[in-house]
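Peer 1: need a structure here:
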Amino acid sequence: MKKITLLVAAFVMVAFCANAQLNNPKDADGYYIVKWDCASEQFATSNNFEVDETFTFAIDVTGMALEEWLKETPAVAGATRSLALNKWTSFGDVSGDSHRLKQIKGNIYGATWNFAQLATTMDVGAATTEGAETYVLGTVFGFEFTADSPGAAWWQNPIDIDPLPEDGQQPIFRTLPYTGTKTSEEFFNSDYPGLFDVAYGNVKGYAPACAVTTGIGSITVDSSIVGHEYYNIQGAKLSRQPESGLFIDKAIKADGSSVSTKILKTLK
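Peer 2: Numbers count the residues shown, from 1 in each chain. Down below sits the predicted model:
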């Protein structure tokens with residue numbers, strides 16, 4: 001009986017470790033790629049952002065226990081189930097009001113973040129020192145929300161996310177070494193409808209996934225860019241750059257990589 005119990009315990013532990021793995025792609029060093037490419041509607045090829053650059057964060061829970069939990073009937077009448085990420089960094093904590101994510105598509109959930117702007121006890125000065133990399137750890141969990149309550153049911157099925165579970169909890173991802181070239185202007189959740197904007201409040205550095213944070217980002221001339229492609233917001237390729245409206249500028253680099261930016265142009 002004791003041997004059977006031990007075998008069952010071992011099986012449960014293996015199952016838990018498997019469930020602690022996201023379905024996100026990983027980079028060459030084993031860290032998750034969490035940046036969502038809004039133009040192509042898929043994960044980016046790398047986490048090519050600095051700690052004070054705005055980006056869309058996304059997680060894919062396909063194959064995790066949370067995938068099945070999301071399909072179940074909510075405990076709160078009329079509520080919707082979603083995911084959240086309780087997160088902290090190697091330089092300290094970020095806003096606890098920015099954990100909630102919303103569905104992008106399928107089992108992929110995300111939000112637009114800027115870590116330097118979300119900072120609470122995070123040491124932004126240390127994080128924005130030249131060459132510094134910010135490492136992010138976290139626990140993903142389920143929650144339920146209604147039209148007037150962004151936390152109708154909270155902290156469901158929490159799971160520590162670890163790219164290398166055999167070594168204990170590891171950072172989920174890291175930013176690029178800081179250079180200061182990608183600094184983004186401030187934005188607030190209340191400026192962008194769609195992410196608990198009424199009931200949630202005014203949160204700095206937090207917006208719906210793929211939000212158009214108009215005017216953010218200092219423009220840096222990049223000599224490696226060899227061309228541009230333009231797409232509408234649905235992802236259809238355009239023959240030329242639009243004179244006005246919302247579109248996506250995909251800058252093609254000489255090495256074959258690309259950087260996509262949402263642009264909103266108004267007629268003068």
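
Peer 1: what mean pLDDT does stretch 207-214 get?
Peer 2: For stretch 207-214, mean pLDDT is 83.

Peer 1: next, the buried residues of it.
Peer 2: Residues 207-213 are the ones in stretch 207-214 that count as buried (16 or more other C-beta atoms under 10 Å). Yep, even glycine has a C-beta here, placed from its N, CA and C like the rest.

Peer 1: quick one: K250 and Y200, what's the gap?
Peer 2: 32 Å (C-beta to C-beta, to the nearest Å).

Peer 1: go on, K237?
Peer 2: K237 sits 36 Å away from Y200 when distances are taken as C-beta to C-beta.

Peer 1: show the end-to-end separation of stretch 104-124, please.
Peer 2: 29 Å (C-alpha to C-alpha, to the nearest Å).

Peer 1: quick one: list the elements packing against the strand or helix carrying H228.
Peer 2: Taking DSSP states H and E as the criterion, H228 maps to strand 225-231. For strand 225-231, the packing partners by 3 or more C-beta pairs under 8 Å, 6 or more residues apart in numbering; DSSP states H and E come out as strand 237-238, strand 245-253.

Peer 1: can you point out the buried residues in that strand?
Peer 2: By 16+ other C-beta under 10 Å, the buried positions in strand 225-231 come out as 230-231.

Peer 1: outside of that strand, which residues touch it?
Peer 2: 39, 237-238, 240-242, 247-254, 258 (C-beta atoms under 8 Å, 6 or more residues apart in numbering).

Peer 1: give me the buried entries from the residues you listed.
Peer 2: 39, 247-251, 258.

Peer 1: what is the neighbour count of I233?
Peer 2: 14 (other C-beta atoms under 10 Å).

Peer 1: sec struct for the residue nearest in space to the middle of the chain, please.
Peer 2: With distances taken as C-alpha atoms, centre = their mean, F57 lies nearest the centre of the chain, 1.2 Å away. Put simply, F57 is strand when judged by DSSP: H, G, I helix; E, B strand; the rest coil.

Peer 1: you'd agree it is up against C38?
Peer 2: No: at 11.7 Å, F57 does not count as touching C38 under the criterion of C-beta atoms under 8 Å.

Peer 1: shared neighbours, the two?
Peer 2: A209.

Peer 1: mind listing the strands for the stretch 101-250 of the chain?
Peer 2: Listed in chain order, the strands of the stretch 101-250 of the chain (DSSP state E, counting those that start in this stretch) span 102-105, 108-113, 135-146, 149-160, 173-174, 206-207, 225-231, 237-238, 245-253.

Peer 1: what's the offset of the fifth one from the middle of its chain?
Peer 2: With C-alpha atoms, centre = their mean, to the nearest Å as the basis, the distance from the averaged C-alpha position of strand 173-174 to the chain average is 11 Å.
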